[in-house]
Every structure is written in C-alpha cells, then in structure tokens.
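**Q** Provide a 3D model corresponding to the input given below.
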Amino acid sequence: QVQLVESGGGLVQAGGSLRLSCTASGLTFSSYAMGWFRQASGKERDIVSGITRSGANTYYADSVKGRFTISRDNAKNTVYLQMNSLKPEDTAVYYCAAGSRLQSNYQAYDYWGQGTQVTVSS
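**A** Numbers count the residues shown, from 1 in each chain. So this is what the prediction gives:
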C-alpha cells in the first residue's frame, strides 16, 4: 500500500531552521506532484508549498516565500521542505501529500502522510 512518512519536525526557536523530509513507498513517486500542507490547532489545512513531478516548477504560499524551499529527489522517493527564519506562526502539524498535479486545494491530493509537528518558540 501507499505510504508517505514525514520526518524532521521538532521544537525550534524563532529564527531557526528545520528540514522536513517525506519518503514515499508503494507508488511511482516521479508520477506524482507533491505538496506540503500545514494545519495549526483550530485552523484549516493550508498548502505551504508544492512541486511538480519533475521538480521543474514549485509553488509557495505568500507567508513562506523567501523562507522555505521545496525540493525532491525522485531517485530516493523523497520530497524535502527546508524551512529557514522560522516564526511562531509557522507552528503547526506539517503533512506531505501526493497528487496527480500541483494544486493548492488539499482535497485534490490522493495520499497523505501522518504529519509531523513543528513548534516554533518565541
């Protein structure tokens, strides 16, 4: 079966960095666009960043532009999210997702990881 496993979350001070990883199995990774979403307590799940199947095109939410970088390694079935200059408002559970194409609507994605908590202290 398809599995997406996130790692790399944790507690960091404001201004710090974290690198999230999401490794996929059970699917042809290079055939899927990948997205990173986040959901803060009591809020909706929103897209943070996305990347097309080849990695040629990326998307960033305005709130993370210039601070976060998405990348993928199709040989390793892994997508990454490098998060720099973290802010307390970045605190959320971060999820990776696989879909047929890069979209901002979380309902368009077919497979999801279990999520990893990112907490940024002020």
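**Q** show me the contacts for the residue nearest the centre of the chain.
**A** Nearest to the mean C-alpha position of the chain, counting by CA atoms, centre = their mean, stands W36 at 2.3 Å. Each residue near W36 by CB atoms under 8 Å, 6 or more residues apart in numbering is listed here: 20, 22, 47-50, 70, 79, 81, 94-97. Bear in mind the C-beta positions are built from the backbone N, C-alpha and C, glycine included.
**Q** now do V79
**A** S21, C22, A24, M34, W36, I51, I70, S71, R72, D73, C96.
**Q** list the buried ones in the helix or strand hosting it?
**A** In this structure, V79 sits in strand 78-83 according to DSSP states H and E. In terms of neighbour count (16 or more other CB atoms under 10 Å), strand 78-83 has its buried residues at T78, V79, Y80, L81, M83.
**Q** again, but for stretch 54-61
**A** G55, Y59, Y60, A61.
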